[in-house]
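1. mind looking at a prediction? Sequence and model below.
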Amino acid sequence: MKTDQSSFFGFIPVLASHRVAAHLLMGIAIIVGLWALRHTNTQFFPNFEVDVVTVSSVWSGAAAEDIQRSMTMPIEQALKGVNGIDKVYATSTYGVSLIRIEVQPETELSDVLDNVKQVVDNLRDWPEAAEQPEIRSLVRYEPIAKVMLRGHVSLDELRKLAYRFERQLLGLGIRKIDFRGLPEQEIAIKVAPEKLYELGITLQSLYSLISQRSVDLPAGTAARKEGAKPVRSLSQARDPAALAALPLVIDPEGRLIRLGDVADVVRQPKDDQILLSSEGMPAVELTLLRTENDDTLQAAKTLHQWLSASANELPEGITRHVFNERWQYLQERIALLLKNGVGGLCLVIIMLFLFLNARVAWWVTLGIPVSFLSALAIFYLIGGTINLVSLFGLIMTLGIIVDDAIVVGENTLQRIQGGDTPLHAAVSGAHLMLAPVVASSLTTIAAFLPLLILEGDIGNILRDIPIIVICVIVASLLECFFILPGHLHHSLSGLSSRRYKLRETIDNRFSQFRNGFFRCLIQRAVHYQGLTITAACCLLVISIGLVITQHIKFTFFPTIDGNSLRANVQFTAGTSQQEVTQFLNTLVQQLRYTEQQLGQSFIDQVLVIHRAASFGFRGQEVEGDELGSVEVEISAADKRSFSDAEIIRQWRQHIVLPAGVEKFTLTQRRAGPPGKAIEIKLTGSSLTDLKTGSQQVQDKLRQFQGVTNVEDDLPFGKEQLIYSMTPAGYALGLTLNEVGLYLRTALEGRRIQVFHDANEELEVRLRLSDAQQDYLSALQQLPVVLPDQSTEVLSNIVKFEIRRGVDSLNRVDGELAIIVSADVDENRANTNEILSQLQQTFFPQLAATHGIRLSFEGRTAEQGKTLEDMVLGGLIALLLIYIILAWVFSSYSWPFAVMMAIPFGLTGAIFGHFIMDMNLTILSLFGLFGLTGIVVNDSIVLLSVYRQLRLQGMGVNEAIVEAACRRLRAVLLTSLTTIAGLTPILFETSLQAQFLIPMATSIVFGLTFGTVIILLVVPAFLVHVEWLSKTTKHHWRGLINGY
């Protein structure tokens, strides 16, 4: 064979014949790969931009209805003119408006951010007492671990220690630290009104006096010829004592009245702040966060170095506990990759040495680490990171990575056994396999490439899988043509004709199998082509039937137990915090009892959260005195003999809800997309109709077995005091605005000044004493100063009406919305079945009755969007594969013979899930895309040889049988190495492996079945294609000649 070295493919003989080129290239690949591995960032999830803009506004003391009417709706109206917005979610709660704007994928986030700022800044009708909106794009931080400080000490001592630890950790390179359980503080000036009015001072005048006397005021520069000295006052009071000492007025007896004479000045936590406790002790939680550019494992190393270095700094009585170390999941995935990689690699090596000459097997095996390191170098250059998802993709390629080298190596060995010289065999083996190997690599890339079009959270997170797989395929392709031929040439040059007895025995047995049983089998399959194809089609129909009849169910994401449980409770409004705390402590006791009943220790950490609970859409945290929760860190699922669901079931059995509980949930944190299994959105114009519809949806969901924690995000709110002016109040010369300002100052407080004190921002607020705020009767007797400086009690000026309000109002794209959510135990029910039943009759009836619209949110909406994208991606993949095959084979019909293997490979994957008693998941579908590329590769190898034999003059049936026999070893090897590489994962019991098993099941079983299809059904179908092509040509010739 002559090779034109000036041609595009001339590099093969040059590199193969060079004495050191192969070793040099291999060394360079290894060094560059190791360098890239060292510099590639390790982190939990891939980097991706969160296309979200938030607009948050604060109007302290305002009810949810006022927030919606005066703040949320004007902003929504303004946003209608902004291009590039996909969805707008708005929440109005007590004192806060929060709007979440989701940006369309093809739109620049910065453009939308600028436009939103512009339209919001132009709003004119904005409440005077409200703060200006804060507009920002989301910055994604990733948690590393949590540190809890607790002890029988005051919260102030924990505060000082927490801030000291924060400074130390930030100094060591931890990017950000969030606190929980560390309430914001303020300096409250609590005025006794009767004392004020004795002195003839109103709240408004007191506010002015304090503002004037507590101020640092620069006055310019003096003594310019004597050194230019700045002139300024240092009179701002920055602590309670200094504020209490501020002079106010001189009383009639000539005494100086200071602020402390008419008010209590205290530094205290702001109202309704979240507090934590653990084991009955006050606690503070520090969450350590990293940005996209920080290395997770390096941050974890920094954390543990700090823990060791600061161990002696803990004061007596304070303990420190580290938990929820997210970096461990990454470390476990790396360990899983190494463990199963070694196991799979050993099986791959065994397969190679069984089917190939030892020297060929050795160099093919050596290509695995070279290709992996080269792939990591490519991945690093395009900005990739080592994360849970990219490691997932690397595990997926354990068997695929040697496919190209097997085809080239096996063809080279065949030529040497046929009498070729080592150089000629290496060059011609690589050269003749160049087209089919490149084609097979391109088809695998074509199978994965459309997965890059997936949008949404799932698309952002899983995008690294196709990227890393494509990198591995490219690296493997380069290794098998740039490096492998040279190694084979020099390695096989000294190959002795004498073979070891074991090698000879294996080769003889394989030859007997191939030329005896297999040749007879393939001849019968080709002869009875109709029966062969019909049998395969029957299996395909059966597999599809298993899915349609729900014998194999579909679950969007694998239901895998996490390591966190949470109990949430909401009492009726007005319930004291002491009653809530008592119930929370009872929950902890019952959890401890549950641990004893189960007979195995599983509790790692218990945290009691006061004044907050996680309810509603995506578990948003709501705050209030009537709320509380218990957060439990438990041991990993693979380290205990019972599931999260069993713990919750046992715990729930021991819980007796006291009177006054409005809502109670027990939830578990699971892997996968955020939110609950079921999230149903109800939209309409009437809040009453929406709430009625929500109650009916909740009642319906509770009828399904396995559905728990059913709730909506529009809870019944607290009772509100609606005030209005009496005729007497107007007659006394007062206005509603004046009275409202007075009440706001008295109850909510009026901010006098803000300053930074060490680690936090501190507000100074003027308000009435606690006695006037705690009871309605005291409020009604509050004296009000009239225009003539006389006083009148508040009850004569305004009247109060008690009305039940709402704590939170939600809107989606400008419409009122309620989201009903629920958890589903996938061992007892299937989410898709439940939603399908609801959609058939219940939703249409409910919509017609109440004039509302129902749709899905959260995981279900994400599932629908992702599956639509995957269907489109599948069609694109098939089209790309067909184009590649049509180009390679110069035929319109032959690609169909190759692609026949695809549906039958999917048949094997479906049967695999049935055998493993496993639901299909989104990860199973990713495996199907990989399977598509692999089975097509094997078919290409077979048809390439068939094509050569036909060009040599062989008949159709004879060429097909001979091609199948000649390429039997290569087809079996490429399939068996892939199966062997992934088989250890199927038997893995670790928590991390549960994500990989559905994907591995699709590939292993699909390829096992697909290999049989390739070797039997594809040849039978090819005979049919050849006959059909010949008949069609003859028919057209007849038509043309007849014409």
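-> Arrived safely, thanks for sending.
2. look up the pLDDT of the residue lying farthest from the centre of the chain for me, please.
-> The outermost residue of the chain relative to its centre, with distances by CA atoms, centre = their mean, is residue 253 at 70.4 Å. For residue 253, the pLDDT comes out at 80.
3. which of the three states applies to it?
-> Here residue 253 is recorded as coil under DSSP: H, G, I helix; E, B strand; the rest coil.
4. lowest confidence element among the helices and strands of the chain?
-> helix 1018-1042 (a mean of 69; mean pLDDT, DSSP states H and E).
5. can you show me the CA trace of stretch 628-640 as CSV?
-> Taking Å, rounded to 0.1, in the frame of the first residue of the first chain, the C-alpha atoms of stretch 628-640 are listed here in CSV:
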residue,chain,number,x,y,z
GLY,A,628,-40.5,27.6,64.4
SER,A,629,-38.7,24.6,63.0
VAL,A,630,-36.2,21.9,63.9
GLU,A,631,-33.4,21.2,61.4
VAL,A,632,-31.7,17.8,61.8
GLU,A,633,-28.5,16.6,60.1
ILE,A,634,-28.5,12.8,59.9
SER,A,635,-26.0,10.3,58.8
ALA,A,636,-25.7,9.4,55.0
ALA,A,637,-28.2,6.9,53.7
ASP,A,638,-25.6,4.3,52.9
LYS,A,639,-24.5,4.3,56.6
ARG,A,640,-27.8,3.4,58.0
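6. tell me which residues of that stretch come out buried.
-> Under the neighbour-count criterion of 16 or more other CB atoms under 10 Å, stretch 628-640 has 628-634, 636-637, 640 buried. Quick note: C-beta positions are derived from backbone N, CA and C, even for glycine.
7. next step: those restricted to strands.
-> 628-634 (DSSP state E).
8. just put those in TSV and tack on distance to residue 375.
-> TSV is the format used below for these (distance: CB to CB, whole Å):
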residue	distance to residue 375
628	51
629	45
630	46
631	41
632	41
633	37
634	37
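9. now residue 818: which helix or strand?
-> In this assignment (DSSP states H and E), residue 818 forms part of strand 815-824.
10. partners of that strand in the sheet?
-> In the sheet, strand 815-824 lines up against strand 678-684 (antiparallel), strand 707-712 (antiparallel), strand 808-812 (antiparallel) (DSSP bridges).
11. would you format the ones you listed as a markdown table with distance to residue 140 and mean pLDDT included?
-> Listed next are the strands paired with strand 815-824 as a markdown table, based on distance: least, CB to CB, whole Å; pLDDT from 0 to 100:
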| stretch | distance to residue 140 | mean pLDDT |
| --- | --- | --- |
| strand 678-684 | 22 | 90 |
| strand 707-712 | 27 | 87 |
| strand 808-812 | 23 | 88 |
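12. turn those strands into TSV, columns for distance to residue 190 and mean neighbour count.
-> Converted to TSV, those look like this (distance: least, CB to CB, whole Å; neighbours: other CB atoms under 10 Å):
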stretch	distance to residue 190	mean neighbour count
strand 678-684	44	23
strand 707-712	38	22
strand 808-812	30	22
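13. identify whichever of these lies nearest to residue 953.
-> Closest of the strands paired with strand 815-824 to residue 953 is strand 678-684, at 65.0 Å (criterion: CB to CB).
14. flag whichever of the buried residues of stretch 628-640 scores worst on pLDDT.
-> Out of those, that is residue 637, at 78.
15. which ones are touching that residue?
-> 560-563, 643-644, 991 (CB atoms under 8 Å, 6 or more residues apart in numbering).
16. try residue 307
-> By CB under 8 Å, 6+ apart, residue 307 lies in contact with 320, 322.
17. low-scoring stretches of the stretch 901-1043 of the chain, by residue?
-> Scanning the stretch 901-1043 of the chain with the threshold set as pLDDT under 70 gives 992, 1029, 1032-1043.
18. show me where it has its helices.
-> Along the stretch 901-1043 of the chain, the stretches classed as helices by DSSP state H, counting those that start in this stretch are 901-915, 922-951, 956-966, 968-986, 993-1012, 1018-1042.
19. so which of the ones you listed is nearest residue 30?
-> helix 968-986 (20.7 Å).
20. was I right about residue 396 contacting residue 929?
-> No. If you go by CB atoms under 8 Å, residue 396 and residue 929 don't touch, sitting 10.1 Å apart.
21. so after the strand holding residue 818, what's the next helix or strand?
-> Next along the chain after strand 815-824, taking DSSP H and E as the criterion, comes helix 831-837.
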